[in-house]
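>>> only geometry, no sequence info:
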């Protein structure tokens, strides 16, 4: 592809995304629900879109260097459209109380962060034949994942990071050495432990919701499925 053709493709991709947003708002406007619910749903969707943009800015600028900063990015970006907003939108349209909506938001938030942390693990340690992407691509692209954040205090890893992170032609042996350090230095284990803690937090918040048994079972089943995600 020429540079101009590539730029045209990028521009079209952005425009298709904008077009999809228009469809989403139109779909909400056509729902056969009371006007106050439809308005609340539109506001919730708008909030999600704002969060996603803010999270994406943090992602593309590489501004997240600590675990806390990485999780803030994940809450704004992945959690907002993967778990929080879908749960709250459904509750709003069903006529749930504000308290229930906020409790669902709180339950979905750690679940969404855990989902993205799992994705970060798969991006480095997953089987490419199952994930559909290179197991070393995130590092060469310079993606600031939780695994990278966990290496900030690792002296051996800090020597490798400048030669691997964001270096598209980084030698395989140096990339592999950095990945090995993630295991040896405990970064991988710490991220896995954080995922488990977030899933437990989500389970506890779901259990406290006082939903009907089938609703609680459905949500807890979703948490269990995410916790078992390996590809």
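Sure thing, it's come through. These figures come from a predicted structure and were not determined experimentally. Numbers count the residues shown, from 1 in each chain.

>>> and residue 168, its phi and psi?
phi -60, psi -30 (degrees, to the nearest 10).

>>> so residue 116 sits right up against residue 74, yeah?
Yes. Taking CB atoms under 8 Å as the contact criterion, residue 116 and residue 74 are neighbours in contact, 4.3 Å apart. Using the backbone N, CA and C atoms, a C-beta is placed for each residue, glycine as well.

>>> residues contacting residue 220?
For residue 220, the residues meeting the contact criterion (CB atoms under 8 Å, 6 or more residues apart in numbering) are 203, 206-207.

>>> quick one: what helix or strand has it in it?
Assigning secondary structure by DSSP states H and E places residue 220 in helix 213-227.

>>> quick one: buried residues of that helix?
Within helix 213-227, the residues that qualify as buried are 216, 219, 222-223, 226-227, counting by 16 or more other CB atoms under 10 Å.

>>> quickly find the element holding residue 170.
Counting by DSSP H and E, residue 170 is found in no helix or strand.

>>> quick check: closest non-adjacent residue to it.
Across the structure, with CB to CB, 6 or more residues apart in numbering as the measure, the residue nearest residue 170 apart from its sequence neighbours is residue 164 (4.6 Å).

>>> kindly report the same for residue 24.
Beyond its immediate neighbours in the sequence, the residue positioned closest to residue 24 (CB to CB, 6+ apart) is residue 45, lying 6.3 Å away.

>>> what about the one you found, how many residues nearby?
Per other CB atoms under 10 Å, the neighbour tally for residue 45 reads 20.

>>> who are the contact partners of it?
In this structure, residue 45 makes contact with 24-25, 28, 85, 89, judged by CB under 8 Å, 6+ apart.

>>> okay, and the helix or strand of the chain with the least pLDDT?
Using mean pLDDT, DSSP states H and E, the weakest-scoring helix or strand in the chain turns out to be helix 128-131, at a mean of 72.

>>> helices or strands up against the following helix or strand past it?
In the C-terminal direction, the helix or strand that comes right after helix 128-131 (DSSP H and E) is helix 137-140. Applying 3 or more CB pairs under 8 Å, 6 or more residues apart in numbering; DSSP states H and E, we find helix 137-140 packed against helix 98-125, helix 172-184.

>>> please redo it, this time with the cut-off set to 10 Å
Applying 3 or more CB pairs under 10 Å, 6 or more residues apart in numbering; DSSP states H and E, we find helix 137-140 packed against helix 98-125, helix 146-149, helix 155-164, helix 172-184.

>>> with adjacent residues omitted, what lies nearest to the residue nearest to the spatial centre of the chain?
For the chain, the residue whose C-alpha lies nearest the mean C-alpha position (CA atoms, centre = their mean) is residue 78; its distance is 2.9 Å. On the basis of CB to CB, 6+ apart, the spatially nearest residue to residue 78 that is not a chain neighbour turns out to be residue 116, at 4.0 Å.

>>> next up, the contacts around that neighbour.
Residues in contact with residue 116, defined by CB atoms under 10 Å, 6 or more residues apart in numbering, are 55, 70-71, 73-75, 77-79, 82-83, 145-146, 195, 198.

>>> take the residues you listed and keep only those in helices.
When helices are assigned by DSSP state H, the members of those inside them are 55, 70-71, 73-74, 146, 195, 198.

>>> what would these look like in TSV with distance to residue 156, neighbour count and pLDDT?
Output for the ones in helices among the contacts of residue 116, formatted as TSV (distance: CB to CB, whole Å; neighbours: other CB atoms under 10 Å; pLDDT from 0 to 100):
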residue	distance to residue 156	neighbour count	pLDDT
55	31	22	92
70	21	26	92
71	25	21	93
73	26	24	94
74	26	28	94
146	19	25	92
195	24	23	95
198	28	26	96
